[in-house]
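>>> sharing a model prediction with you, sequence too.
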Amino acid sequence: STTGHAFAYAVDLDGAWKWGKFFYNVSNAVESVAGCNIDANGDLVIFGMGNSVPVIMRINPTDGSVKAFTHI
């Protein structure tokens, strides 16, 4: 079966590439990203879908590492 994969990336204010992260639906199942926001702690919060349920990820904006992953 075919499953979608999500991709998140960051660029600086000059448009220079900082990092990219491809989610392969293995440890952090994410099929699509619907939105993102920077929270009060300065973390990138991504809202999307994975395994047909909503997911929320908290990502370190400096290096793209996943700090927290929650599915609803």
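Cool, got the structure. Numbers count the residues shown, from 1 in each chain.
>>> residue boundaries of the strands in the chain?
6-11, 17-23, 32-38, 44-50, 53-59, 66-71 (DSSP state E).
>>> what lines up beside the fourth one in the sheet?
To tie it back to what came earlier, the one meant is strand 44-50. strand 32-38 (antiparallel), strand 53-59 (antiparallel) (DSSP bridges).
>>> could you dump the strands of the chain into TSV with mean pLDDT added?
Shown next, in TSV, are the strands of the chain (pLDDT from 0 to 100):
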stretch	mean pLDDT
strand 6-11	82
strand 17-23	85
strand 32-38	88
strand 44-50	89
strand 53-59	91
strand 66-71	90
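>>> and residue 12, what does it touch?
residue 18 (Cβ atoms under 8 Å, 6 or more residues apart in numbering). Just so you know, the C-beta spots here come from the backbone N, C-alpha and C atoms, and that holds for glycine as well.
>>> ignore what I typed, I meant residue 69.
For residue 69, the contact set (Cβ under 8 Å, 6+ apart) comprises 28, 55-58.
>>> pretty sure residue 39 contacts residue 57?
No: judged on Cβ atoms under 8 Å, residue 39 makes no contact with residue 57 at a distance of 11.6 Å.
>>> ranking the strands paired with strand 44-50 by burial, who's on top?
strand 53-59 (a mean of 17; mean count of other Cβ atoms under 10 Å).
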